[in-house]
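S.K.: how would this look folded up:
(2 chains)
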Amino acid sequence: MSAITHVRNQHAALTPGSGDDLGERLAALAADLFSADAATRAVERAFLERLLRVLALTPHEVHDLAVAGRLSAMLPPDPPGSAAPVRFADIPGWREPK
Amino acid sequence: MTATAGRFLRHAETARKTQLSIRIAEATPQTLALWDAHVQPHIRNAREFRFDRKWQWAGLLKFHQVQETIIGLAGARRAADVRLLQAFAERADGTAFPVGQVLLACGFPFIRDWDIPSVFLWYLAAAPRQALHAAGLPPDLKLMRPLVDIAVQESYANGFEGRVGLHAARSRWNLAANRDLYNRYRHIGLAPLPGGLRASVGRRNDRRYFYLDAPLALDFARRLDYLR
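M.R.: Okay, the predicted model is just below:
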């Protein structure tokens, strides 16, 4: 669980007023996300590693990576969606009364 | 809230001062696919420098939503609502074309005062001239103010008095692009965060953070009222 310790230290350093128990809560959260019936320990480990990579970044670091064009490697590929045309008149205006 | 606040733009202007109808809407998988199919390729292949050359919007949306959820669950602060909003123009055949989009964190701590909420504008992109031309739209459409205005109006709608924060992207090697983007944000009325202030958690203030507080937001919004 050295990775969780890393996250704990990271967030303790980065989060003002987080309280001493933030690291404990993060660790508990990560543990909760483990599937009780995961197929193998390796699957759990791979999942946890991915989770920790997200946890260890601040939103500002995500922004920096995206601008540098280096975030793609951390994102799962998205299947291409349907780019079927949409009529302008059918676009529901955001926060406009229906 | 003022008379000018809380109303999204209905028109955008070209450099020749002609106007075009636009509509602001929340992105759907289908409309994001429109951007990926018809706009992002022009950005990727643009001759000029683009900060957004490699952005994957669907991934960015998911990434920030997951982060905010975890931040909220961990109790570090209240999670912000992450939203991707697009501006659409109407093509000659009546179909909608995405001319710009923004990724917002609504409820993010205001960079001038961490104790009050704001809208943080994480990503902003306007369709390049080539994409607009290919879609049969005026290539000289002016989009930066209208796209920042989406964040301002969303801030009003959430009760944040127009407060907005953003960071001007920075390239490690293209200093001219850095300078140009900085000057453009200043030119449209955003205030740079003073050097003595920390921008946010876990990030040094590199003097490329900008904000609109309530008075600045009101002034910013009023200047665009003729397009609402």
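S.K.: when you work out contacts or count neighbours from here on, use the C-alpha atoms and nothing else.
M.R.: OK.
S.K.: could I get the full set of strands for chain B?
M.R.: Ranges of strands within chain B are B:11-14, B:19-26, B:81-90, B:96-110, B:113-126, B:141-142, B:164-167, B:191-192, B:209-212, based on DSSP state E.
S.K.: any stretches of the chain with poor pLDDT?
M.R.: Answering for chain A, as no chain was given. Applying pLDDT under 70 to chain A flags residues A:1-56, A:72-79, A:98.
S.K.: not what I meant, chain B
M.R.: B:1-6, B:74, B:199-203.
S.K.: need the longest helix for it.
M.R.: Criterion DSSP state H: the longest helix present in chain B is helix B:57-74.
S.K.: contacts for stretch B:175-182?
M.R.: Applying C-alpha atoms under 8 Å, 6 or more residues apart in numbering or on different chains, the external contacts of stretch B:175-182 come out as B:49, B:168, B:169, B:170, B:171, B:208.
S.K.: could you redo the last one with a cut-off of 10 Å?
M.R.: Around stretch B:175-182, the neighbours that count as contacts under C-alpha atoms under 10 Å, 6 or more residues apart in numbering or on different chains are B:48-51, B:167-172, B:183, B:186-187, B:190, B:192, B:207-210.
S.K.: filter those residues down to the buried ones, PyMOL style.
M.R.: Restricted to buried positions by 16 or more other C-alpha atoms under 10 Å in any protein chain shown, the PyMOL selection for these reads:
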select buried, chain B and resi 50+51+167+168+169+170+171+190+192+207+208+209+210
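S.K.: from the contacts of stretch B:175-182, list the ones also adjacent to chain A.
M.R.: B:50, B:51, B:167, B:169, B:170, B:171, B:172 (C-alpha under 10 Å from any C-alpha of the partner chain).
S.K.: quick check: bridge partners of the third one?
M.R.: Spelled out, it's residue B:167. Beta bridges link residue B:167 to residue B:209 when assigned by DSSP bridges.
S.K.: pretty sure it contacts residue B:204?
M.R.: No - with contact defined as C-alpha atoms under 10 Å, residue B:167 does not reach residue B:204; the gap is 11.6 Å.
S.K.: shared neighbours, the two?
M.R.: Shared contacts of residue B:167 and residue B:204, counting by C-alpha under 10 Å, 6+ apart, come down to residue A:60.
S.K.: returning to that earlier point: of all the strands of chain B, which lies closest to residue A:67?
M.R.: Go through the strands of chain B one by one with C-alpha to C-alpha and the one that ends up closest to residue A:67 is strand B:113-126, at 9.3 Å.
S.K.: ok, that closest one: who's next to it in the sheet?
M.R.: Applying DSSP bridges to the sheet, strand B:113-126 is found paired with strand B:96-110 (antiparallel), strand B:164-167 (parallel).
S.K.: of those strands, which stretch is the most buried?
M.R.: Most buried of the strands paired with strand B:113-126, by mean neighbour count (mean count of other C-alpha atoms under 10 Å in any protein chain shown): strand B:164-167, with a mean of 28.
S.K.: straight-line length of stretch B:47-54, end to end?
M.R.: Length of stretch B:47-54, first residue to last, C-alpha to C-alpha, to the nearest Å: 14 Å.
S.K.: from the chain's centroid, how far away is that stretch?
M.R.: Once both centres are worked out by C-alpha atoms, centre = their mean, to the nearest Å, stretch B:47-54 turns out to sit 16 Å from its chain's centre.
S.K.: and for that stretch, what are the contacting residues?
M.R.: The contact list for stretch B:47-54, computed with C-alpha under 10 Å, 6+ apart, reads A:66-72, B:40-46, B:123-126, B:128, B:169-171, B:174, B:176-178, B:181.
S.K.: among those, name the buried ones.
M.R.: The buried subset of the contacts of stretch B:47-54 (16+ other C-alpha under 10 Å) comprises A:66-69, A:71, B:40, B:42-44, B:123-126, B:128, B:169-171, B:177-178, B:181.
S.K.: which ones among these are found in helices?
M.R.: Assignment to helices by DSSP H places the following of the buried ones among the contacts of stretch B:47-54 there: A:66, A:67, B:40, B:42, B:43, B:44, B:177, B:178, B:181.
S.K.: from those, pick the one nearest residue B:76.
M.R.: Nearest to residue B:76 among these, counting by C-alpha to C-alpha, is residue A:66 at 23.6 Å.
S.K.: who's in contact with the closest one?
M.R.: By C-alpha under 10 Å, 6+ apart, the contact list for residue A:66 reads A:60, A:72, B:51, B:52, B:53, B:54, B:55, B:56, B:57, B:60, B:123, B:169.
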